[in-house]
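Student: Sequence and computational prediction follow.
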Amino acid sequence: MLNLNQLRVFCLAATHENFTVAAKKLFITQPAVTAQIRQLESTCNLRLFKKRGRKVYLSDEGRILYPYVQKIFDCEKELENVIEDMRELKRGILRLGTTKAYARYFMPWIITRFRETYPDIKIHLDEGSSKDMILSLLDFQNEIALIAKAQDHPDVCFLPFSMEELVLIAAPSHPLAGKSGIHFEQIAREPIIMKEVGSGTRRLVSQLFARNGCVPDILMETSNTEFIKQLVQRGDGVSFLVRQSVALELEEGRLATITLDGARIFLDVSIAYLKNQHLSPPAQAFLDTLGKLTPEEMLPQGIGSLMAKMLAQRR
């Protein structure tokens with residue numbers, strides 16, 4: 001088996017055709033260079049150098065081997081550069097998971113902020129329910145997920161990120177539209193369009209029905225927020241969605257809210273990643289970026305407030 005140290009000595013000695021120069025560059029003695037060359041020649045059963053007086057010359061066999069040995073150490077240098085680039089976040093892949101709603105309404109802003117600092121990092125963004133994204137962490141498909149906490153898992157760490165208000169939406173022509181102090185029993189009689197099983201919104205809304213001793217009249221369930229908004233606008237039912245995802249429709253009067261009697265409803269959004277697993281440099285940098293954008297006092301204000309702050313900073 002070839003010895004890389006011997007090949008390194010051979011490469012330098014061949015480049016300079018001088019054992020003494022090779023010894024100085026390797027910080028070893030000239031006899032040590034000679035010994036390494038002799039061992040390599042013995043392994044190959046080839047004479048790689050010829051000597052005349054104090055000068056050495058490559059043999060024909062040495063000249064044939066030399067370019068191949070050069071390629072080895074050229075590749076080594078490239079490898080060292082790649083490793084250094086990854087350490088300095090000049091190269092790498094960031095694998096993120098999030099829900100479809102956050103992929104549309106929030107992730108573009110945070111990804112833009114991340115890329116301002118780390119423009120050479122490639123980003124892979126995966127979308128799905130909160131439950132799906134937890135599974136993607138466990139399967140090592142993603143390293144970080146920004147999700148509503150749909151379920152606990154002993155191997156996943158959840159860091160609080162924001163609290164998003166859930167609003168009950170209806171068509172502007174709905175008899176309860178714009179009204180406040182509505183009892184939950186009235187809503188239980190309405191057909192409801194639910195987010196899919198596995199989403200944080202679905203979990204919270206199901207808990208809300210259970211606490212009020214009601215069973216939802218589910219007209220349809222889907223992961224598509226835009227489809228839900230269209231059905232509600234047409235008057236096909238009511239639904240619970242994150243306020244930020246319906247902010248434009250509410251402002252333009254295409255949707256209306258129904259205010260329930262009691263406290264407002266908030267959905268906990270978390271940054272999730274695996275416990276006891278080393279994060280890659282891009283993932284750690286993304287986590288640090290989120291940390292800088294989410295001081296404790298901002299948590300109750302939600303992602304909408306965070307986006308407004310980010311926009312103000314960019315102007």
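Tutor: That came in fine, so what should we check first?

Student: so where's the stretch 201-315 of the chain uncertain?
Tutor: 294-315 (pLDDT under 70).

Student: can you pull out the helices in it?
Tutor: Per DSSP state H, counting those that start in this stretch, the stretch 201-315 of the chain carries helices over the ranges 225-233, 247-251, 281-293, 302-314.

Student: Ramachandran angles for residue 106?
Tutor: phi -130, psi -40 (degrees, to the nearest 10).

Student: how does the protein divide up, domain by domain?
Tutor: 4-87, 93-161+269-314, 163-266 (automatic domain parsing).

Student: can you redo these as TSV with mean neighbour count?
Tutor: (Glycine included, C-beta is placed from N, CA and C.) Shown next, in TSV, are the domains of the chain (neighbours: other C-beta atoms under 10 Å):
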stretch	mean neighbour count
domain 4-87	15
domain 93-161+269-314	17
domain 163-266	17
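
Student: could you point out the longest helix in this structure?
Tutor: helix 60-87 (DSSP state H).

Student: Tell me the first helix or strand C-terminal of that helix.
Tutor: Counting by DSSP states H and E, the element after helix 60-87 in chain order, helix or strand, is strand 93-98.

Student: Distance-wise, check residue 152 relative to residue 131.
Tutor: As for residue 152, its distance to residue 131 is 11 Å (criterion: C-beta to C-beta, to the nearest Å).

Student: Below-threshold pLDDT in the stretch 51-200 of the chain: ranges please.
Tutor: If you take pLDDT under 70 as the line, the stretch 51-200 of the chain has these spans: 150.

Student: can you map out the helices along it?
Tutor: Taking DSSP H, counting those that start in this stretch as the test, the helices found in the stretch 51-200 of the chain are 60-87, 100-105, 107-117, 130-138, 184-188, 200-211.

Student: Which of those helices sits closest to residue 144?
Tutor: helix 130-138 (8.0 Å; C-beta to C-beta).

Student: what's the angle between the closest one and helix 200-211?
Tutor: Helix 130-138 runs at 130 degrees relative to helix 200-211, counting by axes from the mean of the first three to the mean of the last three C-alpha atoms, to 10 degrees.

Student: Give me the contacts around helix 130-138.
Tutor: Applying C-beta atoms under 8 Å, 6 or more residues apart in numbering, the contact partners of helix 130-138 are 97-99, 126, 128, 142-143, 145, 147-151, 153, 155-156, 197-200, 272-274.

Student: now swap in stretch 66-75 and tell me
Tutor: Under the criterion C-beta under 8 Å, 6+ apart, residues 4, 7-8, 10-11, 14, 58 lie in contact with stretch 66-75.

Student: same check, this time on stretch 192-211
Tutor: 99, 129-132, 147-151, 166, 184, 188, 215-223, 225, 228, 231-232, 236-242, 265, 267-269.

Student: Can you give the distance of that stretch from its chain's centre?
Tutor: Remark: stretch 192-211 is offset 26 Å from the chain centroid, using C-alpha atoms, centre = their mean, to the nearest Å.

Student: Regarding it, how distant is the last residue from the first?
Tutor: For stretch 192-211, the first and last residues are 17 Å from each other (C-alpha to C-alpha, to the nearest Å).

Student: any chance of the helices of the stretch 51-200 of the chain in TSV, plus distance to residue 178?
Tutor: Compiled in TSV, the helices of the stretch 51-200 of the chain are given as follows (distance: least, C-beta to C-beta, whole Å):
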stretch	distance to residue 178
helix 60-87	55
helix 100-105	24
helix 107-117	30
helix 130-138	31
helix 184-188	14
helix 200-211	21
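
Student: which residues touch residue 15?
Tutor: residue 22 are the contacts of residue 15 under C-beta under 8 Å, 6+ apart.

Student: which phi and psi does it have?
Tutor: With angles defined as degrees, to the nearest 10, residue 15 sits at phi -60, psi -40.

Student: Excluding chain neighbours, what is closest to the residue sitting nearest the centre point of the chain?
Tutor: Nearest to the geometric centre of the chain sits residue 96, at 2.7 Å (C-alpha atoms, centre = their mean). Using C-beta to C-beta, 6 or more residues apart in numbering and skipping the chain neighbours, the partner closest in space to residue 96 is residue 125 (5.1 Å).

Student: Can you tell me how far the one you found is from residue 107?
Tutor: Taken as C-beta to C-beta, the span from residue 125 to residue 107 is 6 Å.
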